[in-house]
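>>> next come a sequence and a model predicted from it.
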Amino acid sequence: MKDNTGYQRKTLLFGTAYYPEYMPYDRVETDLSMMCEAGMNVVRIAESTWSTLEPSDGIYDFSYIDRVLKAAEKKGMEVIIGTPTYAIPSWLEKKDKNIMVKTKAGQAVYGRRQAMDIMNPSYRFYGERVIRRLLEHTAGHPCVTGFQIDNETKHYGTSSELVQKLFVEHLQQKFVTTDRLNETFGLAYWSNSIHDWNDFPDMNGCINAGLSCEFERFKRSLAAGFLLWQSEIVKEYKREDQFITHNFDFQWKKFGADIAQDGYSYGVQPDINHYEAAAAVTIAGTDIYHHTQDQLTGAEIAFGGDSIRSLKGRNYLVLECQAQAFKYWTPYPGQLKLHAYSHLASGADGIMYWNWHSIHNGYETYWKGLLSHDLAVNPPYEEACEIGNQWKKMGNSLLNLKKDNQIALVVDNQSLQALEWFPIDRDLSYNDVVRWMYDSLYELNMECDVVDVNGLDPFKYQMIVTPALYSITEDKCKQLKEFVSNGGVLVSTFKSFVSNEYLSVYPDTQPHLLHECFKIHYNQFTEPGTAKIKGRPVRYFAELLYTDGARVLASYDHKYWGKYGGITQADYEKGSTYYIGCYTDKDIVKEILKMAVKDAGLSDFIPDVCFPVIIRSGVNRDHKKIHYVLHYSDEETTISCPYERVNNKLDGKSYKKGDRIPLKDWDAVILEEE
């Protein structure tokens, strides 16, 4: 998405979400003083307490906001105002029960957040009213730097009568006739075809994957439109120097008991398309949560950052990241600093903790903030002070980090939804395949953009990676073929290039059209069973590849599948292709990626170190090359300096190429080229 807003941060943001209305007693002055001591310069307020701002219909109370704004101005801090629309007050539900979202499971009962129907006219009326009153009250305040619209927005499964009526209108406009609709989605199957638009059925019972995924795509567009609706309201009030942002989040990886505490930010968000929704903001924001302690790898920070940075091709804000959170996320000494620099290394222009203080009651009582329940100085706060003071000393030399990545990893909501209908395996999801490929790149220090397929310009890159790109248009296939013809390197996995955008499987040679570039085809796939490849187990899924001129890099070690290729390489016109037809160990994937980057002419630009040492680079606002050296291990080590002459911005030490750079446990070093 081309960014034409012109908005650019002038200082790094370092701060926190702040909820004085949740506090057991009034301590605004104390809290903001502690924040300033930590070098913090921003608080984010208001986004979650509609019932406090409007305790009854048309009665407003902005007193707690006024206290924060007054104290922030006195301290020279910035304030981000959030629109409070993601959690409705109970009086609003009493006025109109239909405000509660109706999904396939039935109508929601009041209580939890994000349980409203974003398309309900009553909700929109009262939502707009509170936004306008809040903006009238705050937009002119000198310390208000920007506005966050809503919070982690999605479509919430809405399938009300209104939404279904709008969907039918969408289909009529798109397909015009019922005959074309029937043909596109193959609705003759199980007698699902319709011959009059008035006969269109309730989508909650739909058993056609293509039509169901079209409905999901439509609902994602409603969610994007909801954010754009709020953005247009905010634009009526905001100053030229104020930004609009939103905290895009990711699919939550769950394991163990089905509760939020057993998960973390993992993959592509299925319930809103970030690329489409980013049109509503002037600077993209994100919420990223992840393992700490011995499981800290930085991969979630990097994946989230590479995804959000790529939405508008520019820097972004981390609006929520963790301080302490759960018992198994209590950070080891040094890890909060490592988190912070990991975010900057991906192109963030600031981070904010969720949240300042641990809440004393409510659903998130034990998701601990920067301060614990005693609200006193503690080790995480002391480490935040270290971060803030370092950022002050370095000024703005870490701001606006620019990246020019030559590798793109392509993601797609439609493929995600398709592979929920037609799972690769019950234990292997689309996002698992995405992260399998992304993490392999990451651990090899092969930096990439994570690009939505709809926003992909192949010709900006030298190498493109497509994990399980199941659904793809004919035009995009042709673009990728041209990309390879012109000298690009394409690395694709199983379940790529299978169906069109409506999930109709292409009725010809698989992988569709691009089999000519890969010089392979297949017409069978299987559960791998005991099969191995290059001595490693094959798990979950294997395509049985015939070669049509491709070089077999690895075939299956199996009595019956041994005659088929599992991983292949081919030269096509000026370019090169790699096809990974099965799921196996990342070590094998890494071997393939090393070959691919060599073909792409990128080997010389990739540092000769790998995880647990991660190096992420860019150019700062002073046009100097910056390299973040991030060490995700509890063991001390050293690396050989890969650069001619650099200075460590954190301690002033200089290194020349070949010098040993010491790395402590959970360390961060920032090297600036001379």
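Perfect, thanks for sending it.
>>> which strands and helices sit next to the least confident helix or strand in the chain by mean pLDDT?
Least confident helix or strand of the chain, by mean pLDDT, DSSP states H and E, is strand 251-254 with a mean of 88. With contacts taken as 3 or more Cβ pairs under 8 Å, 6 or more residues apart in numbering; DSSP states H and E, strand 251-254 sits against strand 263-267. C-betas here are computed from N, CA, C, even on glycine.
>>> after the lengthiest helix in the chain comes which helix or strand?
Determined from DSSP state H, the single longest helix within the chain is helix 209-235. Using DSSP states H and E, the helix or strand that follows helix 209-235 in sequence is strand 243-245.
>>> that following strand pairs with which strands?
strand 144-148 (parallel) (DSSP bridges).
>>> now the strand it pairs with against helix 209-235, angle please.
Angle of strand 144-148 versus helix 209-235, following axes from the mean of the first three to the mean of the last three Cα atoms, to 10 degrees, is 160 degrees.
>>> need the residues that contact strand 144-148.
Residues outside strand 144-148 that contact it (Cβ atoms under 8 Å, 6 or more residues apart in numbering): 42, 44, 47, 69, 78-83, 135, 138-139, 234, 238, 241-247, 283, 285, 319.
>>> which parts of stretch 42-59 are buried?
Neighbour counts over stretch 42-59 (16 or more other Cβ atoms under 10 Å) mark 42-54 as buried.
>>> give me the number of neighbouring residues for the nearest residue to Lys392 once chain neighbours are set aside.
Excluding its sequence neighbours, the residue lying closest to Lys392 (Cβ to Cβ, 6 or more residues apart in numbering) is Gly39, at 5.2 Å. Number of residues near Gly39 (other Cβ atoms under 10 Å) recorded here: 19.
>>> next one: Met203
20.
>>> that one and Leu416: what is the separation?
19 Å (Cβ to Cβ, to the nearest Å).
>>> ditto for Met77
Taken as Cβ to Cβ, the span from Met77 to Leu416 is 40 Å.
>>> settle it for me: which of those two has more neighbours?
Shown here are Met77 and Leu416; by other Cβ under 10 Å, Leu416 has more neighbours (23 against 20).
>>> and this structure, what are its domain boundaries?
Residue ranges for each domain of the chain read 13-160+219-394, 161-214, 407-601, 613-673, as given by automatic domain parsing.
>>> so which of these is nearest Asn400?
Closest to Asn400 of those, according to Cβ to Cβ: domain 613-673, at 4.5 Å.
>>> so what's Trp356 closest to, chain neighbours aside?
Per Cβ to Cβ, 6+ apart, closest to Trp356 is Thr16, 4.3 Å.
>>> now the helix or strand harbouring that neighbour: mean pLDDT?
In the assignment (DSSP H and E), Thr16 maps to strand 13-17. Mean pLDDT, strand 13-17: 98.
>>> follow-up on the earlier one: can you pull the buried residues of the least confident helix or strand of the chain?
Neighbour counts using 16+ other Cβ under 10 Å place 251, 253 of strand 251-254 among the buried residues.
>>> could you do stretch 240-257 as well?
Going by neighbour count (16+ other Cβ under 10 Å), the buried part of stretch 240-257 is 242-251, 253.
>>> so who does Ala468 touch?
Residues in contact with Ala468 (Cβ under 8 Å, 6+ apart) are 415, 419, 424, 430, 433-434, 493-496.
>>> go again with 7 Å.
Counting by Cβ atoms under 7 Å, 6 or more residues apart in numbering, Ala468 makes contact with 415, 419, 430, 433, 493-496.
>>> who touches the next helix or strand after the strand holding Thr16?
Counting by DSSP H and E, the element after strand 13-17 in chain order, helix or strand, is helix 28-37. Helix 28-37 has contacts (Cβ under 7 Å, 6+ apart) with 15-16, 18, 20, 67-68, 71-72, 75, 77, 356, 385.
>>> which pair in those spans the largest distance?
Largest pairwise distance in the contacts of helix 28-37, by Cβ to Cβ, is 24.1 Å, between Arg67 and Cys385.
>>> quick one on the thing from earlier: lowest-confidence member of the contacts of helix 28-37, which is it?
By pLDDT, Pro20 ranks lowest within the contacts of helix 28-37, coming in at 94.
>>> from what I can see that residue touches Val68, true?
Yes: using Cβ atoms under 7 Å, Pro20 makes contact with Val68 at a distance of 6.3 Å.
>>> picking up where we left off before, now the domains of the chain as a markdown table including distance to Leu401?
Formatted as a markdown table, the domains of the chain follow (distance: least, Cβ to Cβ, whole Å):
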| stretch | distance to Leu401 |
| --- | --- |
| domain 13-160+219-394 | 5 |
| domain 161-214 | 37 |
| domain 407-601 | 12 |
| domain 613-673 | 4 |
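>>> ok, Leu166 - how many residues close by?
Neighbour count for Leu166, taken as other Cβ under 10 Å: 15.
>>> check which helix or strand it maps to.
When secondary structure is defined by DSSP H and E, Leu166 falls within helix 161-175.
>>> distance between that helix and the chain's centre?
Mean-position distance between helix 161-175 and its chain equals 29 Å (Cα atoms, centre = their mean, to the nearest Å).
>>> what helix or strand is the residue of the chain most remote from its centre located in?
In terms of distance from the mean C-alpha position of the chain, Lys559 ranks first, at 42.1 Å (Cα atoms, centre = their mean). For Lys559, there is no host helix or strand (DSSP H and E).
>>> ok, now which ones touch the spatially closest residue to Leu53 that is not a sequence neighbour?
Nearest non-adjacent residue to Leu53, counting by Cβ to Cβ, 6+ apart: Pro84, 5.8 Å away. By Cβ under 7 Å, 6+ apart, Pro84 lies in contact with 46-50, 53, 130.
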